[in-house]
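Chemist: Next one to model:
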Amino acid sequence: MSAVTGKAEGRTVAVLMGGWSAEREVSLMSGDAAAKALEARGWKVKRIDVTRDLPAFIAALTPRPDVVFNALHGTGGEDGTIHGVLDMLGMPYTHSGLLASAVAMDKPMTKIIAASIGIRTASGAVRTRRQIEAGDLPMAAPFVVKPAASGSSVGVMLVQAGFNRIALAKGEPAEPFLIEEYVHGRELTCGVMGDRALTVTEIQHTHGFFDYEAKYVAGHARHVLPAPVPAEILAKAKDWAVAIHQALGCRGISRSDLLWDERKPGTEGLYFLEVNTQPGFTPISLVPEQAEHCGISFGELCEWLLETALCQS
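Modeler: Numbering: from 1, shown residues only. Next up, the predicted model:
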């Protein structure tokens, strides 16, 4: 995981950002930060605000760049959709490929794979919007309701005991949601770069749980790294982050989110939540902060992702 030289030698990169998901604004911030860092290291950068207009997208990739930096988040940009287009065009791109991206975006499927390799997750079940609104629930509150395929904690809610009804945002009746038991615990996250864990961060925040606002609005969360937890918890969190990264076939970087219930003995209170194949690259994002802690600057991290993508082509 050595730092790269920063000699772009006139190479070109297209930075994809924006998109049409609920995470559009976060993606614009990630893309802009990555683009500025790569420009500072000598890369010729073209920023592309991706829409559903496929001919326009292909036209924006002309002339053909040497590599694509995928700074999209959420539906369309992180779930395998844009990856399939880039695969068809034969363009190398950063982060995970189509299959790993699609599977990681599917929270229930990720839970199944995690359990199959011995990673503990909270118990849960899938219900559609229609079922939830009709009161067809798999467990008693408290529990967490989250879209089965979304990121950045968009649409996640904690349902407390004694609730009257669950007020979901409007959407398709058949849209799937994951309902998980509420695990009392401290928020931990671990970035993986290549096949090596960076470090573990504890996220201390002012909200009841780590929701969208706590993640992306400055002042709502404090990142403590390395996390002030026992060595065995640090080691297990790192092991699990690398294991799920490899099991899904991720490449580049990923970030695994976990909870630790310190009331339980040993590592019994550690639970895996989800893996992010394209974690945020905003100024307050977790993986760049962990990389910096390990001696890797933001610019070096961005360029390492490009070099990794080029090596895959």
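
Chemist: residue ranges for the helices of the stretch 101-250 of the chain, please.
Modeler: For the stretch 101-250 of the chain, applying DSSP state H, counting those that start in this stretch gives helices covering 107-116, 129-133, 212-216, 231-248.

Chemist: can you redo the ones you listed as TSV with distance to Thr277 and mean pLDDT?
Modeler: For every residue, glycine as well, the C-beta is placed using N, CA and C. Output for the helices of the stretch 101-250 of the chain, formatted as TSV (distance: least, C-beta to C-beta, whole Å; pLDDT from 0 to 100):
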stretch	distance to Thr277	mean pLDDT
helix 107-116	10	97
helix 129-133	25	93
helix 212-216	16	51
helix 231-248	8	98
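
Chemist: right, so of those, which gets closest to Arg64?
Modeler: Arg64 lies closest to helix 231-248 among the helices of the stretch 101-250 of the chain, at 29.0 Å (C-beta to C-beta).

Chemist: now the helix or strand following that closest one and helix 107-116, what's the angle there?
Modeler: Per DSSP states H and E, the first helix or strand lying C-terminal to helix 231-248 is strand 253-260. Orientation check (axes from the mean of the first three to the mean of the last three C-alpha atoms, to 10 degrees): strand 253-260 against helix 107-116 gives 80 degrees.

Chemist: The next helix or strand after strand 253-260 - what's its average pLDDT?
Modeler: The helix or strand immediately downstream of strand 253-260 is strand 270-276, counting by DSSP H and E. For strand 270-276, the mean per-residue pLDDT is 97.

Chemist: gap between the next helix or strand after strand 270-276 and the chain center?
Modeler: Using DSSP H and E, the helix or strand that follows strand 270-276 towards the C-terminus is helix 286-293. How far helix 286-293 lies from its chain's middle: 14 Å, per C-alpha atoms, centre = their mean, to the nearest Å.
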